[in-house]
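K.L.:
only geometry, no sequence info:
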C-alpha cells in the first residue's frame, strides 16, 4: 500500500465519525474554531531512523531542530503561529545519552527562537530504531487561515524561496559528503514561520502550502482541492545553487512556502515582502481554469513534458 | 538514562520556554484554557513494536483499540471528554496490508463508540519496526478538571475497578497463552471514559490519575505533586481474578482510575457511582499529612514492608 492509498483508506474508514467542531483533515493542519474569531491548528509528523534520518549522517542537534521545523512549516503554511508542541521519543537501549541530550538541545533551541512551549509528549524505549513524533498546536485568526482549496483561476503562483537545496543536500549526504552547504540545509531546514504568519495577514494571498514533497507533488494538492490547473514557467524557477531544475521540482524537504495570489496584488505584495524580510518572492506561474488538476510545464513559452513527480511515499 | 531521568532533563531544558497559556506539563494531560470556562486537554503516547506490543501476540484490531484507549484514559483521568485524535503510523515494508486494515478498523471502532473524531496525523514508513503515536485532544469545564496535585490529607483513596488483570494477562501472553480472559484484557483494555467524565462533575473528588504503571508507581505521582503521604490497606485491594496482590500493585496497564475523595462524601459518591454504572468503587486507603510522599502499606492494620514499585521504564 502506498502512503496515499493508506490515507485514502483512512478517509473511508473515518467518514462517519463525528466532527466535534474540527474541520475535515486534508490540509497542512486540522482546524478547530474556538470562538472569538480564533482557531487552533494541529499537525503531526512521525520521523523514523533509517527512513527520515540516518544516525551516522544526521547530527542529533540538527535533527532536534528539524523534527520541530517541519511541523512549524505546516502551521506557517496555514497562516498561523505555533504556540506549543507535544514531543514523543522512542529510543533503543543502545542510544548514547549524548544523542538524547543533543537532540533535546536542538529541539529546545528552536522552540526558544520561535517562542513555542513544549507542553507534553511521551518518552519510551524502542527495540532497534529511534522514532520521534512531534505534534504542533498553532493559533490563527479565522480570517487569516490559508487553505489548499482557495486557489482561483488567474492567481499567480509564488515560491517563498529557492528550491532544490535540500534534495541536493540529500544527494551529498548519501555520497558521504556531510559537510556541504546543501547537506547542512537538508539536515537543518529553516521553516518560513514569520513569512507564513505575515502572508496570513494578506487577504490577497489565497491558497498556501509548504513544499515538503517537492513542487510537482505539493502543487497538485492545491490544484486537486481547488479544482483548478496550473502553468509553471520552468525558466523562472528559483533553483538553489548546487541543485538542478529536476531537483528543484521533485526534491523534497525544502520547506519553502508555495502560495497563490491575486495577480493585480502581486507587485505590491512582492515589494512589501522584500521590505519586511530582505528577501525576494519568486512568481513561477499561474493558476488556470483547467479543472483536471494538471500542471502544464512551459520552458520560455514552449510546452515540455518532463517526467516530474514529487516523492511518492511507500509505507 | 531511565525514562524519569530523561523527563527530568527535558524539564530542565524547557524551563525557560514561554508558556503561551498552557499549564506546565506533568499531569495526565496538558491544559490550555480557551475562555468561557472551558479548557482543552492534550496527551500523546508512542507505542513501539517489541516494547509495547508483539506482532505475534497482539491482534492488530485489538492494538488499534488499545492505542486509542490508553490515551482516552488520560483524558478521563483529568475529568474531560476526548473530542479528536491525531494518529501517526510508521509501517515497515513487510507489513501486510491486512495488518494496517485491521489496526485501522479497531482504531475507528473505538473512535466511533467514544464519539471521537480522527482529525489528522501522519502515515510513513519505518525500517524494521512498527511505531504508532496517538495524540488525543479533550475538552473539559475548567471547574471539572482533576489534577494530580489536589489530594488533601484525610481524603480516601479509591480505585475505579479491579487491579492486576492486565499484568496477569501479560504473563499469560509471554507464556504463549494468548486466549485467556486476562490476555484479552491486556490486549484490549477498557478506559474508564464515562466514569472519568462523571467523576469530573463531582467537586468532592480531589486528585485523579489513571493506573498505567501500577498503583505503587502512579499513586506516588499524586503524593509527590500534592505534598502528602498515603496509607494503603492491602486487604482491601480489589485484586482481579487470576492476579495476585503484587501484580495488582505493581502490574501496569490496568487503566483504571485512581482518585482521592473527601472522606465525608465517600458513601454518597459510592452509592451514586453504583447507581450510574452498575459497578462498585473500591476505597483502599487514605491520604496522610506525611509530606515525604511515601506509601505505608498495612495488612489488617499491621505495617508491612514489601518491595513494591511500579514499572520503571528504561529508555
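P.N.:
Yep, it's here. This is a predicted model, so every value here is computed, not measured. Numbers count the residues shown, from 1 in each chain, chains lettered A, B, ... in the order given.

K.L.:
helices of the stretch 101-250 of chain A, residue ranges please.
P.N.:
Remark: helices assigned in the stretch 101-250 of chain A by DSSP state H, counting those that start in this stretch are A:165-174, A:181-187, A:193-200, A:215-226, A:245-250.

K.L.:
is the residue most central in space within chain A in a bridge, and if so with what?
P.N.:
Geometric centre of chain A, nearest residue: residue A:210, 3.3 Å, by CA atoms, centre = their mean. Note on residue A:210: beta-bridge partners by DSSP bridges are residue A:257.

K.L.:
check contacts around it.
P.N.:
Going by CB atoms under 8 Å, 6 or more residues apart in numbering or on different chains, residue A:210 touches A:28, A:73-74, A:76-77, A:191-192, A:196, A:218, A:255-258. To be clear about C-beta, it is placed using only N, CA and C from the backbone, and glycine gets the same treatment.

K.L.:
one more time with 7 Å
P.N.:
By CB atoms under 7 Å, 6 or more residues apart in numbering or on different chains, residue A:210 lies in contact with A:28, A:73, A:74, A:76, A:77, A:255, A:257.

K.L.:
I'd like the distance between it and chain B.
P.N.:
With the distance defined as CB to the nearest CB, to the nearest Å, residue A:210 ends up 14 Å from chain B.

K.L.:
quick one: pLDDT of that residue?
P.N.:
In this model, residue A:210 is scored at 97, pLDDT.

K.L.:
again with residue A:247
P.N.:
pLDDT for residue A:247: 96.

K.L.:
how deep is it tucked in, by neighbour count?
P.N.:
Using other CB atoms under 10 Å in any protein chain shown, the number of residues around residue A:247 comes to 24.

K.L.:
isn't residue A:70 right up against residue A:45?
P.N.:
Yes: if you go by CB atoms under 7 Å, residue A:70 and residue A:45 touch, sitting 5.4 Å apart.

K.L.:
buried residues in the one helix or strand in chain A whose mean pLDDT sits lowest, which are they?
P.N.:
Least confident helix or strand, chain A: helix A:3-13 with a mean of 87, by mean pLDDT, DSSP states H and E. Across helix A:3-13, burial judged by 16 or more other CB atoms under 10 Å in any protein chain shown covers A:3, A:6, A:7, A:9, A:10, A:13.

K.L.:
residues in contact with the third one?
P.N.:
The neighbours of residue A:7, taking CB under 7 Å, 6+ apart as the test, are residue B:123.

K.L.:
and the gap between it and residue B:208?
P.N.:
Distance of residue A:7 to residue B:208, computed by CB to CB, to the nearest Å: 36 Å.

K.L.:
mind listing what residue A:23 touches?
P.N.:
The contact partners of residue A:23, taken as CB under 7 Å, 6+ apart, are A:30, A:31.

K.L.:
try 6 Å
P.N.:
Contacts for residue A:23 were tallied using CB atoms under 6 Å, 6 or more residues apart in numbering or on different chains; they are residue A:31.

K.L.:
for residue A:237, same thing?
P.N.:
Residue A:237 makes contact with A:248, A:284 under the criterion CB under 6 Å, 6+ apart.

K.L.:
now do the same for it: its pLDDT.
P.N.:
Looking at residue A:237, its pLDDT stands at 98.

K.L.:
report the separation between it and residue A:196.
P.N.:
21 Å.

K.L.:
where does chain A dip in pLDDT?
P.N.:
A:310-315 (pLDDT under 70).

K.L.:
outline the domain layout of it.
P.N.:
Per the record, chain A has its domains at A:17-143, A:146-304, by automatic domain parsing.

K.L.:
okay, these in CSV with distance to residue B:295 next?
P.N.:
Shown next, in CSV, are those (distance: least, CB to CB, whole Å):
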stretch, distance to residue B:295
domain A:17-143, 24
domain A:146-304, 46
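
K.L.:
so which of those domains is the most packed in?
P.N.:
domain A:17-143 (a mean of 22; mean count of other CB atoms under 10 Å in any protein chain shown).

K.L.:
so how far is the host helix or strand of residue A:276 from its chain's centroid?
P.N.:
Per DSSP states H and E, residue A:276 falls inside helix A:266-277. Counting by CA atoms, centre = their mean, to the nearest Å, helix A:266-277 is centred 22 Å from the centre of its parent chain.

K.L.:
what inclination does that helix have with respect to helix A:193-200?
P.N.:
Orientation check (axes from the mean of the first three to the mean of the last three CA atoms, to 10 degrees): helix A:266-277 against helix A:193-200 gives 140 degrees.

K.L.:
how about residue A:72: what's its closest non-neighbour residue?
P.N.:
residue A:191 (4.3 Å; CB to CB, 6 or more residues apart in numbering or on different chains).
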